[in-house]
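Trainee: build me a structure from this.
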Amino acid sequence: FHSGSTGILVFLPFIRRYGIDQIIEESLYPQTKSINRLSSILSFIALKLSDVERYTDDDLWCMDRGLGLFAGLNVLPKSAWLSSYSSRVTKEMNLLFIRSMHQVWLSYGLLSDTCNLDFTTIPYWGDSNHLENNWSGKRNKALSSMLAVLAQDPDSGIIDYGSCDVQHKNQSEVVLEYLDFYYLDGTKKRDISYLVFDSKFTNYENLSKLDDRRIKFITIRRRGKNIVKEIEQRKTEFKTIKVECGELKKRALRVLDEMITLRGYKDNQSGALKPIRQVAIIGHGKIKPALIITNDFELTTHEIVRKYARRWLVEKGISEQIEFFHLNRVTSSMVIKVDFDLTMTLLAHNLYRIFALELERYSSFTAERIYEKFIVNNGSIDIAGDHIQIELKKKRDLPQLLEIMKGNEELEYPWLENKKLIFYPSSTS
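Mentor: Next up, the predicted model:
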């Protein structure tokens, strides 16, 4: 048969190789008499990987047999089934799944000792009296919305954690909750040495708690008028350094590296204020100086600046979640349903990241660019006795894609009757 979504089948080898199918099987997610747990979750993932804006727009995908094959079905369930399924999901199911996926990323060396943390606003446009107002940078105003937290590894781009159950009353405690999430039965599940976040992520009291737990952090200090005025008066004390930036270039910055004390950042036993390191930066294109604060006294100044600059990778990841995975187009005001949608979005994002890591020259590409260059394709699918032959139509980057798929031809897929996938180039475009 022919399919207009044949390209997304290239993700199946990664799902099988990384054991993601086994993680789904062992999860607590619900299943029905007609559709098992694995096919249920893969149905959601198939739509996420295919850049589908809303589940209700099912005219184009509900009868595509290629998408159905991805989930081990003839076709995907319709939007009514997808909506009712998410109503049976609980927060505990999502947390267990994220923790299990964390072990996968950790075992394959995709997580470093540094983590970038940030909030993102997920707006809801219907009756939202029960939701709080949160600032949306994309809209440049406060909106009735759900506030979500994301944790991303700066090296691999893997988003290791996500939750949209953040409220104003516990917003400052999220950084501690994130650390506690990876302690199960007293066992540490990740060796996190560095947390990087912006100035509004938590307060100085919690920075003290991070220091007590021997967690290094880098963040931005809030700039008041008096602080900015003092920095302006001390411009002669600044030194020039060169920091690496994009395209193998270096940028000259003026910095002042010193020790200060902050109200609230103190020793929790003696109550005395503890010293903290501040790096003031001017000449970076902003009107006001940037004030980086950290409890790391060993890294050099340019290493501190470079480490914080990489925090913008999580901003890029959030933008990708919104633009490509349509995180701001949720159809429910129920936080738990949005939390499930966020969990499925994170898995789809991470599948794109591990796929991009196989493409050495394209490892920095966004999911949208990878989708356009490699995934968008149609072709023919022939189901034989022991294998499934997939013919992809001619495309400029198809040879490189086929080279990657060639190394996965011995994998068998239990939800496809243990058949193998063999990818071929088609003679037509």
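
Trainee: for the spatially most central residue of the chain, give me phi and psi.
Mentor: In the chain, the C-alpha nearest the mean C-alpha coordinate belongs to residue 159, at 3.0 Å (Cα atoms, centre = their mean). According to degrees, to the nearest 10, the main-chain angles of residue 159 amount to phi -90, psi 110.

Trainee: so how many other residues sit close to the closest residue to residue 32 other than its chain neighbours?
Mentor: Beyond its immediate neighbours in the sequence, the residue positioned closest to residue 32 (Cβ to Cβ, 6 or more residues apart in numbering) is residue 40, lying 7.4 Å away. Just so you know, the C-beta spots here come from the backbone N, C-alpha and C atoms, and that holds for glycine as well. Look at residue 40: counted by other Cβ atoms under 10 Å, it has 21 neighbours.

Trainee: same question for residue 369.
Mentor: Quick note: residue 369 (other Cβ under 10 Å) scores 15 neighbours.

Trainee: which other helices and strands does the helix or strand hosting it contact?
Mentor: Remark: residue 369 resides in helix 367-370, with elements defined by DSSP states H and E. Packing contacts for helix 367-370, counted by 3 or more Cβ pairs under 8 Å, 6 or more residues apart in numbering; DSSP states H and E, involve helix 312-323, helix 335-358.

Trainee: could you redo the last one with a cut-off of 6 Å?
Mentor: Using 3 or more Cβ pairs under 6 Å, 6 or more residues apart in numbering; DSSP states H and E as the contact criterion, the elements in contact with helix 367-370 are helix 335-358.

Trainee: per-residue confidence averaged over the helix it packs on?
Mentor: Regarding helix 335-358, the rounded mean pLDDT is 90.

Trainee: same question for stretch 203-217.
Mentor: Taken as a whole, stretch 203-217 has a mean pLDDT of 91.

Trainee: can you get me the start-to-end distance on it?
Mentor: In terms of Cα to Cα, to the nearest Å, the two terminal residues of stretch 203-217 are separated by 12 Å.

Trainee: run the chain-centre distance for it.
Mentor: 24 Å (Cα atoms, centre = their mean, to the nearest Å).

Trainee: cool, and stretch 111-127?
Mentor: On the basis of Cα atoms, centre = their mean, the separation between the geometric centre of stretch 111-127 and that of its chain is 8 Å.

Trainee: which residues does it contact?
Mentor: By Cβ atoms under 6 Å, 6 or more residues apart in numbering, the list of residues contacting stretch 111-127 from outside reads 105, 134, 136, 143, 145-155, 164, 191-197, 311, 314, 318, 328, 333.

Trainee: with stretch 351-371 instead?
Mentor: With Cβ under 6 Å, 6+ apart as the contact definition, stretch 351-371 has outside contacts at 11, 14, 157-158, 320, 324, 404.

Trainee: so for it, what gets flagged as buried?
Mentor: If you call a residue buried by 16 or more other Cβ atoms under 10 Å, then stretch 351-371 has these buried ones: 351-356, 358-359, 362, 365-367, 370-371.

Trainee: make a markdown table out of those residues and add distance to residue 178.
Mentor: Putting those into a markdown table (distance: Cβ to Cβ, whole Å) gives the following:
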| residue | distance to residue 178 |
| --- | --- |
| 351 | 23 |
| 352 | 23 |
| 353 | 20 |
| 354 | 22 |
| 355 | 26 |
| 356 | 25 |
| 358 | 29 |
| 359 | 30 |
| 362 | 30 |
| 365 | 28 |
| 366 | 25 |
| 367 | 24 |
| 370 | 28 |
| 371 | 29 |
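
Trainee: I'd like to know which of the residues you listed is nearest to residue 210.
Mentor: Distance from residue 210 was checked for each of the buried residues of stretch 351-371 by Cβ to Cβ. The minimum falls on residue 353, at 27.0 Å.

Trainee: can you tell me how far the closest one is from residue 201?
Mentor: Relative to residue 201, residue 353 is positioned 23 Å away (Cβ to Cβ, to the nearest Å).
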